[in-house]
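K.L.:
For reference, the sequence and a predicted model appear below.
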2 protein chains.
Amino acid sequence: MSLDKREFRRALGKFATGVTVVTTRDAEGEHFGVTASSFNSVSMDPPLILWSIDKGAYSLAAYRDAEHFVVNVLSDDQVEISNRFASRGEDKFAGIATEEGLGGVAKVKDAAAHFECRTWNVYEGGDHLILVGEVVRYGYREAGNALVFHNGRYAVPEPHPMLLPVDEQGALDGRLGKHLLYLLRQALAAYRGDFYPRLGSLGVNDKEWRVLTLLADRGPLAAEVLARRVAQPLADLDDTLSGLRERALVATDGESRVTLSEAGQALALRLLTMADDYERRLLEGLDPAEVGTLKAGLGRVVERLGATL
Amino acid sequence: MSLDKREFRRALGKFATGVTVVTTRDAEGEHFGVTASSFNSVSMDPPLILWSIDKGAYSLAAYRDAEHFVVNVLSDDQVEISNRFASRGEDKFAGIATEEGLGGVAKVKDAAAHFECRTWNVYEGGDHLILVGEVVRYGYREAGNALVFHNGRYAVPEPHPMLLPVDEQGALDGRLGKHLLYLLRQALAAYRGDFYPRLGSLGVNDKEWRVLTLLADRGPLAAEVLARRVAQPLADLDDTLSGLRERALVATDGESRVTLSEAGQALALRLLTMADDYERRLLEGLDPAEVGTLKAGLGRVVERLGATL
């Protein structure tokens, strides 16, 4: 089958996954680690999990021949670790806190969960190998929240709002319905669910919206900085930028920073105006002082929490 | 290895996944569908994906022998479809809108993505079989948001806030930083990240907190209703309830509804008081009228969006 790889990756990206770093150690004692989102559970009895590794990976032989490996499920504050092990850097472990796991394999500290495995089988999988491991030891952090990868971007799993119909919300007049946490969650879910699909009318998706408006807001940015700000790994940002470049909306300046073209600047301004209009209609009926209090109150929550975190 | 299955499932739940319904059709033309979160991509060339099926599944033979199957990646408004195909109901397809896919296999309408597959290989996987499919056709909805399964609960992927340090937020004085959407996302991320870990001091996790406070707020609820309200599939709610029952915090009344015991009621009130206290300290410095405006403003956003959705 002939298939457009960029489109196929986008389709696969609709399935949300966690992010893991799989570590191992070869016969010479050298440590290896690679970012993988292809992890999943297989069996309870015996306890088996699997993941897939690219046959073109530099470290293929180490994983294929390893007796043990560890799957480190990253938590939502370990984005930098994900980026580090997804790159081709020389010493990926430099500055990363680890503990010694099964067979001397490095375990990443503060991961949301660990699965220490004995290699159980290796299966053929096209341009990848499917590695099945028997879980010998495992652990997890009760409070640890997973890092999510979805639509080519890092995300966090927010409890499903299971939005009640509006008339039923009035009935939720107990103490819970008035909590700020519930109000925030419902307002955000409703806002996001209604707003993002409207971007389609201007021919952009939510990733492109983030890149364009951020560049309009902040000016030219290096790709690494931009990737961090839009929560995309560099490889996925490249994909977003290619699409924008094909439409001549962004370019690269003499200092290798991503910049808006004139057309990109115009589109970004239209997008910002659209967002302003949308918000104005949403808050219709609140007077300017009330809108000011609403926004200042949210800002205050962020500020206070930032100070106590 | 002897392993506590409930604990092992909890550890696996730290890895976030999407939710799929995998459909097939047997030689007699009967349709089958089963909810699976074990889906993942394997290879680009050839395009391969995999998922695992329980050897004890009623429909095992149909999937094992099928020439074709379709992976339907559910979107965030398809929770009921996930629940339906995870149950043992007689006619799972009743009332579910489908289209005809490869080999006559049913495709679930409005799914976030579809992968129509030819069975490529079937591998041994302990108490499961690993089914590898070659993707023959695929499609996705640009605006579709994935349903997420994490920590035994349904969730939605919220773009990663990549929280800036507080002093840098002051610098974000362009138009973006003042948008309600950004403020909501940052406030929610900061609130959740700071609040949930505090529940540990009263010996509960966030799932238990939801069940206990919801029962205190709404009174006894049937398990099906409770499952929907706390966004847990019934099997995972059972797990949460077992833990609460072991600590004599909940019981079942004569009408098969889940109720709080006296101890459960007392704990729920302490949890609600703790949440109230937390919120009061968070909003310190805002006068009562401002707090009222903040909450009413959020409520108004939810209400207006509920009306336009």
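P.N.:
Structure received. Quick caveat: nothing in here was measured; it's all calculated off a predicted structure.

K.L.:
From here on, just use CA atoms for contacts and neighbour counts.
P.N.:
Noted.

K.L.:
give the contact list for the most centrally placed residue in chain A.
P.N.:
For chain A, the residue nearest the mean C-alpha position is A:Y154 (1.0 Å; C-alpha atoms, centre = their mean). A:Y154 sits next to A:V79, A:L147, A:V148, A:A231, A:Q232, A:P233, B:P159, B:H160 when contact means C-alpha atoms under 8 Å, 6 or more residues apart in numbering or on different chains.

K.L.:
Can I get those in CSV including secondary structure, pLDDT and distance to A:G292?
P.N.:
Shown next, in CSV, are the contacts of A:Y154 (DSSP: H, G, I helix; E, B strand; the rest coil; pLDDT from 0 to 100; distance: C-alpha to C-alpha, whole Å):
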residue, secondary structure, pLDDT, distance to A:G292
A:V79, helix, 93, 33
A:L147, coil, 95, 33
A:V148, strand, 96, 33
A:A231, coil, 89, 28
A:Q232, coil, 92, 32
A:P233, coil, 92, 35
B:P159, strand, 82, 25
B:H160, coil, 82, 26
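
K.L.:
Now rank these by neighbours and give me the top one.
P.N.:
A:V148 (30 neighbours; other C-alpha atoms under 10 Å in any protein chain shown).

K.L.:
returning to that earlier point: the residue nearest to the centre of chain A should be in a strand, yeah?
P.N.:
Yes: looking at A:Y154 with DSSP: H, G, I helix; E, B strand; the rest coil, it is inside a strand.

K.L.:
per-residue confidence for it?
P.N.:
A:Y154 is assigned a pLDDT of 93 by the prediction.

K.L.:
so how far is chain B from A:A11?
P.N.:
Distance, A:A11 to chain B, by C-alpha to the nearest C-alpha, to the nearest Å: 5 Å.

K.L.:
Let's verify that residue: helix, strand, or coil?
P.N.:
helix.

K.L.:
per-residue confidence for it?
P.N.:
At A:A11, pLDDT is 95.

K.L.:
What distance do you get for the closest residue in space to it that isn't next to it in sequence to B:A146?
P.N.:
Spatial nearest neighbour of A:A11, chain neighbours left out: B:Y140 (5.4 Å); criterion: C-alpha to C-alpha, 6 or more residues apart in numbering or on different chains. When distance is defined by C-alpha to C-alpha, to the nearest Å, B:Y140 is 11 Å away from B:A146.

K.L.:
anything in stretch A:44-63 sitting right up against chain B?
P.N.:
Yes: using C-alpha under 8 Å from any C-alpha of the partner chain, stretch A:44-63 reaches chain B at A:M44, A:D45, A:P46, A:P47, A:L48, A:S52, A:D54.

K.L.:
measure that stretch end to end?
P.N.:
Per C-alpha to C-alpha, stretch A:44-63 runs 23 Å from first to last residue.

K.L.:
buried set for that stretch?
P.N.:
Within stretch A:44-63, the residues that qualify as buried are A:44, A:46-55, A:59-60, A:62-63, counting by 16 or more other C-alpha atoms under 10 Å in any protein chain shown.

K.L.:
Which pair of those spans the longest distance?
P.N.:
Spatial extent of these (C-alpha to C-alpha) is set by the pair A:M44 and A:S59 at 28.8 Å.

K.L.:
just the strands in the stretch 201-309 of chain A please.
P.N.:
Using DSSP state E, counting those that start in this stretch, the strands of the stretch 201-309 of chain A run over residues A:221-222, A:250-252, A:257-260.
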